[in-house]
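In: Just need the structure, nothing else, for what follows:
(chains A, B, C and D, ligands or ions: 4)
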Amino acid sequence: MMRRSWAAVFGSQQFGLIVVILLLCALLTGFSGSFNDHGRSVNNFLNAGTLIQVLTDSSFFAVMAVGATIVIISGGIDLSVGSTYALAGVLMAMVLRGHHDLGAGGVLGAGLLCAGIGIACGAANGLLICSLGVHPFIITLGTMLVYRGISFVSSRAESILVPQSLTAFAKARLGLPGQLHPIPMLVMIGVAVLGWVFLTRTVAGRRIFAVGGNLLASKYSGLRVTPILIGVYAISGLTAGIAAYVGASFYGAASSADGTSYELFVIASAVVGGASLTGGKGSAISAMLGALLISLMRQSVRSLHFDQNYESIIIGCAIIVAVVLDRVSARLGSRRFYKKQA
Amino acid sequence: MMRRSWAAVFGSQQFGLIVVILLLCALLTGFSGSFNDHGRSVNNFLNAGTLIQVLTDSSFFAVMAVGATIVIISGGIDLSVGSTYALAGVLMAMVLRGHHDLGAGGVLGAGLLCAGIGIACGAANGLLICSLGVHPFIITLGTMLVYRGISFVSSRAESILVPQSLTAFAKARLGLPGQLHPIPMLVMIGVAVLGWVFLTRTVAGRRIFAVGGNLLASKYSGLRVTPILIGVYAISGLTAGIAAYVGASFYGAASSADGTSYELFVIASAVVGGASLTGGKGSAISAMLGALLISLMRQSVRSLHFDQNYESIIIGCAIIVAVVLDRVSARLGSRRFYKKQA
Amino acid sequence: MSEQATAIETRAISKSFPGVLALDEVSVRIAKGSCHALVGENGAGKSTLGKIISGLIAPDKGEILLYGQEVRFSGPLQAIQAGVGMVHQELVFCENLSVAENLCLDAPPTRGPFVDHAEMLRRAKKWLGSIQADVDPSAKVGDLPISKQQLVQIAGAVGRGARILIFDEPTSSLSQRETQVLFDQIRQLLSSGVTCVYVSHRMDEIFTLCDKVTVLRDGKVVDTSPIEALDRDSLVRKMIGRAIEVPTAQQSHREPGKVLLQVENFTSAGKFTAVNFSVRAGEILGLAGLVGAGRTEIAEAIFGLDPAVTGSVEINGKQAQRRNPQTCLKMGLGLVPEDRKRQGLILGMNARENISLPTLPELSIAGFVQGSRERSLASQSFVQMRVKAPSIESSTLGLSGGNQQKLVIAKWLAAHCDILLLDEPTRGVDVGAKAEIHELIRKLAQDGKSVLVISSELPELLILSTRIIAIREGSIVGEVPAAHATEEVLMRMMTGLS
Amino acid sequence: NGGDTTTTSETKVDSTTKVESGKKSLTISMIAKSSTNPVFLSAQTGAEAAAKDLSAKTGVAIKIDWRTPEKEDGQVQAQRIAQAVNEHADAILLSCSDAGKVTEAIDEAVSKGVPVMTFDSDAPLSKRFAFYGVDDIATGKLVMQELYKQLDPQKPANVAILAGNQNAPNLQKRVQGVKEEAKSHSNVKIVGTFYHIETPQDAAAEVLRVMKANPQINGWAMIGGWPLFTPTLLTDLDPAKVKIVAVDCLPAELAYIEKGIAPVLLAQPTYKWGYVSVETIVDKLINKKEVPVMNQMELVRVSKENLGQWAKQLQDWGFKDIDPKYLAMSK
Ligand SMILES: Nc1ncnc2c1ncn2[C@@H]1O[C@H](COP(=O)(O)OP(=O)(O)OP(=O)(O)O)[C@@H](O)[C@H]1O
Ligand SMILES: Nc1ncnc2c1ncn2[C@@H]1O[C@H](COP(=O)(O)OP(=O)(O)OP(=O)(O)O)[C@@H](O)[C@H]1O
Ligand SMILES: [Mg+2]
Ligand SMILES: [Mg+2]
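Out: Ligands and ions are numbered 1, 2, ... in the order given. This next block holds a predicted model:
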């Protein structure tokens, strides 16, 4: 039993990623220097504030990456998440314009509205993909433009403030001291865990793997592919809606430019987290870790005081290196374990 | 023989696309009005100036789309073309900075330089993909950032002028009257035809189809996959280099922002042209037509005097509709022909 | 024979995959110009040995000698150049390309810098003609049924003119006529000095074709003897460590019950015309036919996979006009497809997940899969089918062909269908497991289910079926009760010769 | 859109009479950098207002033909210039994303008889007849000067620059201006120049990220207002520790002035980009006046003192969503 759980750790999909993330954190702790806080020396990186900050930064991405990983498992791709993010945020902010105090019901209602818009956008993608029989790359590229266009036309690129009570909720401290806002982080973890349970434990989740692994064999096994795919894209839209809700609430405003060019990084997070673009493979938790890793790399460029002009070169290299390290350490982890066993 | 050639026309991959393009042109001719030129009434769309203009606009995309289609046939994807375009243009412009008159040799040399930089960028992608065994999406996303970063660091976002003689070449009239510049269009057609011959007639081209069709089967048949894939990405880089050369020469300057977010539209052009993102299928001529179609749609928004604010909504819908129409008319075309035969 | 020169020798070859030792110090010596059989249970390591000899995978340990020279292939290309060819068990093709292009993939004929298409077609035609394969060389491989693909595979390996040929279950989806043609071709090759290694689960083929037999079990060589020293029973015992009694005729069949499947006036343009038959509870109906006769198409159309089909189908007494796999499943009809890789399994999923796929709703509560029930179902199937795999969590991608086939059957047995259509159910399955599967099929019938079996192996149809229908070019050409059926009678109906 | 088509047919008739005199209509193709950037939308509003006012005044029907690409792309701008010429625009009004790329196209348009004017970002080497806007280097310098005034001259000032899109040449010039100005103050140290995706949320996140990595920062020179379009920094930055000076002052940013986190915002009267430019074009083409080539636009320094007036001004220029409490201040 003990052995089995160690095998689970070393052999797990997440092992490589966690190793890489920990390595990077160690590096950041070692090299980012420290500052003086009321006489105590505090590491610039290893302190509650910065850590929660990094987690917050990654949370919007990570939530969408969970949706993206589900789409990728089904053998598809969703380029419209950034635009869905903008549209859900903008429409919600416009509906709520003028309201100042919402109350708990209103906060919840706003969340449902945002999620609903996300689901609608996603389900529309799924419907188009299934009914037209066109590759999801083209459909979601099209809707990426359409959703972005709608959010622009409705808001005229103005930044629309959302009611205070939403921000109060998204920035709730939940008893933590100082300026620590754990809500986005908790939402991220919640979505990732739900996604993981959905993918690994439910019938629907299993079917998504099947459809992505071999569409024909799934049909021969009596699965109905259309509802599964529509559901998959609806989930991706839902995660964009959730991210938009938390994002707009946390930052206090929504605009039609939000989420511009997120799509590639969201997909990259899922792939860094081990999802295979040919379908049939991926994990929600790993997608979250992938997003976290990409955020950490952005943070590193700041914390290690690199020349900012080199940022995109550094991040570009880092993404490639991270994936390679992840694969290597995953292999080492499982090999080490098997050696011990033998 | 006659029958066979009709079958080739109706059943060809290009038939659907050509139908859609002609439909759109008819629409544009019908609705864009006309103007009075020295007493003759000239259609606003159907005149040499506008037509060459549309072809010129699409040529840079189209050249890259030929490269993209080759990559897609091999089962890969190349997100770095936009950045390669910028890097090749910027580095060439920097090397030539200060030269005013190049002469024919210099014009040719500049072209080779640009193409060489493109090939180097592409081959680097291919090498990384093959040696690290990481999905091309991640590798080329990484190098997309890296190449963009290098072009920024070397030019500091300055717009660098290229020598006059390059512009004189790219804008050569070749005996056409007025302000008609056929060179970009000719380059586009040349690259597409070369790509078509390469893909359909040469051993290397067929091997690319084989690798994209089934990697394992290709390996079992003794194909060496690594050089083929490196070649494929090098070709994609080459097309970006050629496009950069023509682009920088035609517009007279290069800057590190060039080609930003082209990648998705270049891939979309190839897919609109019938390339399958799962590999093994695609055509160079169709990719060019795909790029042309997307450019035409942009032109329509203006020629038909739609509200510009709705541009992205219109184009998003149009891309989806175009692909659907293309597939439908291709099917009708081949069916009609076969019915006649029967 | 024994004085003849050695063509291939392997010395203590070992190969392991994660969790399995596929080959354990395997040493064999294959004489030049001989036909050497390689037999063993599913997962014994036959294909692995073949792949190592033909350079597709590298051994962990050991050496290979070709005509006495040690060779170390770093890839298939070198093996091809050294004159070693292999007919693979798993049909891998570039399905987007034509037959001719697939056949000439390694070295297409050229004229100047361009591929010479005319010459390529000519060459393909010649190669296909040499095994009398009725395949259009310009057809796309992906459009061909699996039987034709197998012919293409053979034509490719034989046509290249290899001096050493490894046949890995070449006849698993061929019917007798094609098999006969292939055997003639192999004999001709042998007489011209070509060395053949022949892997098969069909004992008759071993005895008609081969000179020597090497038996593998769990990756080890357990015996190599000349064919004369063996008989069927002793060979089977060597392979699986026990004897199987082969039922020569049908055992007590129960009296057929009510009609569970009724097909009337079933037509699909270009595939089959006016097909009428019914299957009763407790019956096993066999469909006999040559490759390309349209049996697969009929089964798929019944299962709702052919939108163009006309005619009526009654399942369990109910009309089923607008069918699709889901509705068929709901009405109690299942199909075991013939192509395990494309239609049967999801290779990215493990054995357990594949087995439970059609039955997930039954194994779940409120949408959540009950892990324990799923595992017990999978383990049960493993035992029943004698699947040889490290565990129910093993990836199906790494399983041997026969073991994959067993999973496909297991998956559909678990679905508890009242009517089961089985398309080549024992393709590539070893003798022991085959007897087991036959027993299971009979038991289904005993329990009052209806079974339709499509098989290219006439003996299999003869021992299983209660009734046999022969199909030729998409039409039913005859029906015989099992009691009167013989191979001869069936062959005559299938080929249309009198 | 039927209305548009009819207007075009009017233009056709005119283009024949063009060479003669007494033009009845004037179509100005307006090509800004990005159609989804609020500052250019306000320039569009300004241009359309000017067109309306001047149509009434001159009796010539002036029409603004908005052809701004969605994303910044010099090459696309060059293409749109050529398209505008093909479609017989009477004048082109342009804000250059990439001066090098559009110079050729401008010259070609001019050679075909279509005059070009630039605003916001110039193409100095081209044959455009006039430019209206601010000098980007000067703007950068001004930002740093204003920021310096907000910081304690006795203490070390650690200043970070927020710069949006790395590849935008005009932003690079402003950065250069900030840095040049910083050199003239011995206690000012530039911590770094930070780029980000140009969305309000990403910009705000970037500021917070940089603050965590560099807690010593006490001044932000923002050459664009991106993060201030969200209220995040109102609560997450301590006005006692950090001061911001930024270019642009749109409605959402007013709270930052009031709260003292951004005591000074340097507003570009973007409405005037459109209004004044159209006036200039009309002066030249209809009124046949000589116009100067360089037309300097003054930045408006918005602080607590003129907050109300500026809010009123924004409202007049057509901005919505202005908090009524600021409008009330103007009375
Ligand atoms: N790529 C692989 N990864 C993991 N395991 C493998 C792989 N290839 C083969 N094996 C394992 O090696 C063993 C031998 O497989 P092999 O395919 O050689 O069997 P076989 O004798 O050909 O069986 P069959 O009669 O079913 O074709 C099996 O247990 C199989 O699971
Ligand atoms: N030479 C060929 N080229 C292309 N398609 C063919 C060819 N021969 C047969 N087919 C297709 O295959 C169909 C018959 O396929 P299939 O081989 O699956 O039938 P079957 O009776 O099930 O045979 P088996 O199951 O023994 O392979 C034909 O209807 C035809 O569409
Ligand atoms: Mg085998
Ligand atoms: Mg069949």
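In: So A:Thr278 sits against A:Gly75, correct?
Out: Yes: at 7.2 Å, A:Thr278 counts as touching A:Gly75 under the criterion of C-beta atoms under 8 Å. From N, CA and C alone the C-beta is placed, and that goes for glycine too.
In: near chain B, which residues of chain C?
Out: Residues of chain C lying close to chain B by C-beta under 8 Å from any C-beta of the partner chain are C:56, C:75-77, C:79-80, C:88, C:92-97, C:101-102, C:105-106, C:108, C:110, C:113-115.
In: hmm, try it at 7 Å
Out: C:56, C:75-77, C:80, C:88, C:92-97, C:101, C:105-106, C:108, C:110, C:113-115 (C-beta under 7 Å from any C-beta of the partner chain).
In: Just the ones in helices from these, please.
Out: The helices, defined by DSSP state H, take in C:76-77, C:80, C:101 from the residues of chain C next to chain B.
In: What's the local residue count around the nearest residue to A:Tyr251 once chain neighbours are set aside?
Out: Spatially, and ignoring its direct neighbours in sequence, A:Tyr251 is nearest to D:Thr230 (4.2 Å; C-beta to C-beta, 6 or more residues apart in numbering or on different chains). By other C-beta atoms under 10 Å in any protein chain shown, 29 other residues sit near D:Thr230.
In: Tell me where chain A has strands.
Out: Taking DSSP state E, the strands of chain A run over residues A:34-37, A:40-43, A:160-161, A:253-254.
In: what number of residues lie near D:Leu151?
Out: Neighbours of D:Leu151 under the rule other C-beta under 10 Å: 20.
In: Repeat that for the one 5 residues further on.
Out: Summarising burial for D:Pro156: neighbours were counted as other C-beta under 10 Å, giving 12.
In: Just the buried residues of the residues of chain C next to chain B.
Out: Buried members of the residues of chain C next to chain B, counted by 16 or more other C-beta atoms under 10 Å in any protein chain shown: C:56, C:75-77, C:80, C:88, C:92-97, C:101, C:105-106, C:108, C:115.
In: Could you find the closest non-adjacent residue to C:Ser138?
Out: Closest to C:Ser138 by C-beta to C-beta, 6+ apart is C:Ser98, at 5.2 Å.
In: burial of residue 179, as a residue count?
Out: Looking at chain A here, since you left the chain open. 16.
In: That was the other one, I meant chain C.
Out: Other residues close to C:Thr179 by other C-beta under 10 Å number 19.
In: my guess is it contacts C:Pro170, does it?
Out: No: in this structure, C:Thr179 is not within contact of C:Pro170 by C-beta atoms under 7 Å, at 8.6 Å.
In: ok, now which ones touch C:Ile409?
Out: Residues in contact with C:Ile409 (C-beta atoms under 7 Å, 6 or more residues apart in numbering or on different chains) are C:336, C:385, C:425, C:437.
In: Selecting buried members of those residues in ChimeraX, what would you type?
Out: Of the contacts of C:Ile409, the buried ones can be selected in ChimeraX as follows, counting by 16+ other C-beta under 10 Å:
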select /C:336,385,425,437
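In: Which of the contacts of C:Ile409 sits closest to B:Val323?
Out: Among the contacts of C:Ile409, C:Val336 lies closest to B:Val323 (C-beta to C-beta), at 36.9 Å.
In: And the pLDDT at that closest one?
Out: The confidence metric pLDDT takes the value 94 at C:Val336.
In: doesn't C:Glu424 make contact with it?
Out: No: between C:Val336 and C:Glu424 there is no contact under C-beta under 7 Å: 8.4 Å.
In: For the closest residue to C:Ile80 other than its chain neighbours, what are phi and psi?
Out: Spatial nearest neighbour of C:Ile80, excluding adjacent residues (C-beta to C-beta, 6+ apart): B:Gly222 at 5.0 Å. Main-chain torsions, B:Gly222, degrees, to the nearest 10: phi 90, psi 10.
In: Contacts only, for B:Gly222.
Out: B:Gly222 neighbours (C-beta under 7 Å, 6+ apart): C:75-77, C:80, C:106.
In: and stretch C:217-237, how far out from the chain's middle?
Out: 22 Å (C-alpha atoms, centre = their mean, to the nearest Å).
In: Can you tell me what sits against that stretch?
Out: C:21-24, C:26-28, C:39-41, C:44-45, C:203, C:207, C:210-215, C:238-239, C:243-244, C:431.
In: quick one: buried residues of that stretch?
Out: C:217-219, C:221, C:223-224, C:227, C:230, C:235-236.
In: for that stretch, what is the average pLDDT?
Out: 91.
In: cool, and stretch C:244-264?
Out: For stretch C:244-264, mean pLDDT rounds to 74.
In: Quick one: end-to-end length of it, please.
Out: Terminal residues of stretch C:244-264 are spaced 40 Å apart (C-alpha to C-alpha, to the nearest Å).
In: Stretch C:318-337 now?
Out: Where stretch C:318-337 begins and where it ends lie 24 Å apart, using C-alpha to C-alpha.
In: mind listing what's buried in it?
Out: Under 16+ other C-beta under 10 Å, the buried positions of stretch C:318-337 are C:320, C:323, C:325, C:327-329, C:331-337.
In: What residues does residue 107 make contact with?
Out: Because you didn't say which chain, this covers chain A. Contacts of A:Val107 by C-beta under 7 Å, 6+ apart are A:165-166, A:169.
In: To clarify, I was referring to chain D.
Out: Shown in contact with D:Asp107 (C-beta under 7 Å, 6+ apart): D:126-127.
In: Please repeat the previous calculation with a cut-off of 10 Å.
Out: When contacts are counted by C-beta atoms under 10 Å, 6 or more residues apart in numbering or on different chains, D:Asp107 touches B:252, D:116, D:123, D:125-128.
In: Relative to B:Val54, how far out is it?
Out: Using C-beta to C-beta, to the nearest Å, one obtains 22 Å as the distance from D:Asp107 to B:Val54.
In: Setting the sequence-adjacent residues aside, check what's closest to the residue nearest the centre of chain A.
Out: Chain A has A:Ala62 as the residue nearest its centroid, 1.9 Å off, counting by C-alpha atoms, centre = their mean. Nearest residue to A:Ala62, sequence neighbours excluded (C-beta to C-beta, 6+ apart): A:Ala291, at 3.6 Å.
In: ok and the residue in chain D nearest ligand 3?
Out: D:Ile197 (53.3 Å; C-beta to the ion).
In: Thanks a lot, see you next time.
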